[in-house]
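Student: Using only what follows, build the 3D model:
(2 chains)
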Amino acid sequence: MNAGYLGRRLINAILLLVGISFFSFALLQLAPGDFFDQMRMNPRISASTVEGLRAQYGLDRPLLLRYERWLGSILRGDLGFSLAYNSPVGPLLKARARNTLLLTATAALLAWALAIPIGISGAASHGKWSGRITGLATSTLMTVPDLLLFLGLLLLAVRTGWFPAGGMISPDLENADLWHQAKDLALHLFLPSFGLALVTLPTLVRHIRSAMIEALHSPFVRAARGHGIPRRRLLFRYALPVAANPLTSLFGFSVATMLSASLLVEVILSWPGLGPLLLEATLTKDIYVVVGIVMLSAVFLIAGNLLADLLLFASDPRIRVE
Amino acid sequence: MKQRYKLRTAFILLAAVHAAVVFAGFLAPYGFADQDRELPFAPPTRLHFFGAHGGFRPRPFVYGLAADPSRPNVYTIDTAEEHPIHFFVAGAPYRIAGLIPARIHFFGVEDSGRILLFGSDAYGRDQFSRFLYGGQLSLLAGLLAAAISVTMGMFFGGLAGFYGGWIDEALMRGGDLFLALPWLYLLFAVRAALPLHVSQRQVFLLLVAVMGLLGWARPARLIRGVALSAKERNFVLAARGFGASNAYLLRRHVLPQAYSVVLTQLTLLIPQYILAEVTLTFLGLGVGEPMASWGSLLSSLQQYYVLASYWWMFLPALFLMPLFLAYFAAADALQERLKAVPL
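Tutor: Residues are numbered from 1 along each chain as shown, chains lettered A, B, ... in the order given. Presented below is the predicted three-dimensional model:
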């Protein structure tokens, strides 16, 4: 039964990806206007030249044929052809996707590492003044628009000079040794990942706190308290494993929020990830790049949800015997 | 008891913000496109009650600004020039709520002076006026898009939950496609499919439609759940027994059960869509110059020199926080209150 559960999730994920790929591809292909629109406006380029170019890149073929060819190019790792960069999309996205993954993974680690202790202490001090302050701080942080948060971080970098204002690698360190490069990368990584972590932090803290409060109020914890089990042991050995269950599905959700927010943080703090490339491709109608990035983001999100399912599978015996 | 005050405070605050934005023309001393090329990046104007040599003035006034000829965008306060603030003054013509022409402004100074409560931007436009006018676009975008999402959610969610079977399966799998993408990526993809060079009005409507249409899946899921349980309720079965048609049952008995979900979803979605509009306009995919939206007010901060030198360009973003706080508080209070009401 348990292998069936995982297999079902996996098949579901693959079907979802195929569906998304077809819809995003069809949407962008059927859209009015294409990459060569700008050229058409230019009186010095004749209409037949533009038509020739469209034919050369296969833009005049029927939709299903192009979809089929595109699927073929995915298998080759090309993911279509970028007209703006005049190169296959796959290699173009590889470095970008790596950077985005690095950023979001760091941010996710940071956010959970901060949220779990804050949430637990918030639950432990529920109804007291210290608990109120935690609640107030998280709801205040929730009202800060992402945009303001990221711009504030950029301002911090520009005004204080403690952190590099954007980018990923300092240009003068390209040939430095590994240790200096890693230090440089960490310094660049700090602001965007911290900003991203702050975006998801309030939601995580609120969920962790309420899950913990619920667990702490359940009869078996009260029974354990009645037996005189110390508070610390109650919190971590009794309540936390129970509260962890709903939190695992929260993990998948936090991946989605983080991917969306990372797009913005990458543009504002000029992190060379998928975000700036997607913005650029959107503005130039470089459709294969757009489709490629959208597909990648879907893969990340689905992988995050699958990971959450796996964690749940590992942590909750009820799913295994179901 | 406490919850009631929370909801009331949130609603009063929301009503005040929306009224201020609807009557932006009246409250704003200048139009959203009124430039003053002599005063780019002027700092926020301070109100004074005491003259330079003492002496209390019952009517507050502002000092004139003189540009420093040696340095660009640096101003000195000219204490010799006092411009008293007048209320209900005639000024630039505008339309109340976009309909009734008027020229009376709530406050202003005479023509030789300028009152810039939030400072001015690169073209010397009053940021306070642009903030109020910008709210018209941003709030409207949020309201419209949320209304579209929730209406679609009601329609599809109601159908899926009520009929079940293959309709349910097809609609919910379709919804999964929308939920499986991070929403900002999804918005970008659809925005990329739409024409870039169209009129301001079209850009705005496109943006609203895209945001609204892409967000239907989450409310649909929730409303499906409500419909699923509602169709088994005894009064629904009774009505069916009396020969009520499916459409009638859905309209009169099932969907009204979803009103609490609809209300909380609206209060949750509106701020989310306001933020989405702000973000997309900030990135250059929304309305362009000279129109004001909260996103376009902030987009000048993408230039480092603006970000580092002119702190007042952050003011519009700071003033968004109480608005979001009010929306979140309203959603919170509604959720708790409606949970307590047995249906």
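
Student: buried set for the helix or strand harbouring residue A:12?
Tutor: Using DSSP states H and E, residue A:12 falls within helix A:2-30. Neighbour counts over helix A:2-30 (16 or more other Cβ atoms under 10 Å in any protein chain shown) mark A:9, A:12-13, A:16-17, A:19-21, A:23-29 as buried. In short, each C-beta sits where N, CA and C put it, glycine included.

Student: Show me the subset of these that also lies near chain B.
Tutor: Counting by Cβ under 8 Å from any Cβ of the partner chain, A:16, A:19-20, A:23-24, A:27-28 from the buried residues of helix A:2-30 sit close to chain B.

Student: And the residue nearest the centre of chain B?
Tutor: Computing the C-alpha centroid of chain B and ranking residues by Cα atoms, centre = their mean puts residue B:139 first, at 2.5 Å.

Student: rewinding a little: packing partners of the helix holding residue A:12?
Tutor: Applying 3 or more Cβ pairs under 8 Å, 6 or more residues apart in numbering or on different chains; DSSP states H and E, we find helix A:2-30 packed against helix A:63-75, helix A:287-315, helix A:317-321, helix B:165-179, helix B:183-193.

Student: which stretch in those has the least confidence?
Tutor: Sorting the helices and strands packed on helix A:2-30 by mean pLDDT places helix A:317-321 lowest, at a mean of 70.

Student: got the residues of the stretch 101-250 of chain A near chain B?
Tutor: A:139-140, A:142-148, A:151-152, A:154-155, A:158-159, A:165.

Student: Just the buried subset of these, please.
Tutor: A:139, A:142-148, A:151-152, A:154-155, A:158, A:165.

Student: List of residues touching stretch A:192-207?
Tutor: For stretch A:192-207, contacts defined as Cβ atoms under 8 Å, 6 or more residues apart in numbering or on different chains pick out A:103-104, A:106-108, A:110-112, A:114-115, A:118-119, A:122, A:134, A:138-139, A:141-142, A:146, A:149-150, A:153, A:246-247, A:250, A:254, A:257-258, A:261-262, A:265-266, A:269, A:271.

Student: Buried residues, that stretch. List them.
Tutor: Neighbour counts over stretch A:192-207 (16+ other Cβ under 10 Å) mark A:192-207 as buried.

Student: check contacts around the nearest residue to residue A:97 once chain neighbours are set aside.
Tutor: Counting by Cβ to Cβ, 6 or more residues apart in numbering or on different chains, residue A:97 lies nearest to residue A:296, which is 5.6 Å off, once chain neighbours are set aside. Contact partners of residue A:296, counting by Cβ under 8 Å, 6+ apart, are A:93, A:97, A:274.

Student: For the stretch 151-300 of chain A, which segments count as helices?
Tutor: Per DSSP state H, counting those that start in this stretch, the stretch 151-300 of chain A carries helices over the ranges A:178-216, A:219-226, A:231-233, A:240-268, A:274-284, A:287-315.

Student: With distance to residue B:186 as added columns, please give these in JSON lines.
Tutor: Listed next are these as JSON lines, based on distance: least, Cβ to Cβ, whole Å:
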{"stretch": "helix A:178-216", "distance to residue B:186": "18"}
{"stretch": "helix A:219-226", "distance to residue B:186": "41"}
{"stretch": "helix A:231-233", "distance to residue B:186": "45"}
{"stretch": "helix A:240-268", "distance to residue B:186": "9"}
{"stretch": "helix A:274-284", "distance to residue B:186": "11"}
{"stretch": "helix A:287-315", "distance to residue B:186": "7"}
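
Student: closest one to residue B:316 among those helices?
Tutor: helix A:240-268 (16.1 Å; Cβ to Cβ).

Student: Could you list every helix and strand that the closest one packs against?
Tutor: Counting by 3+ Cβ pairs under 8 Å, 6+ apart, helix A:240-268 packs on helix A:89-124, helix A:146-160, helix A:178-216, helix A:274-284, helix A:287-315, helix B:183-193.
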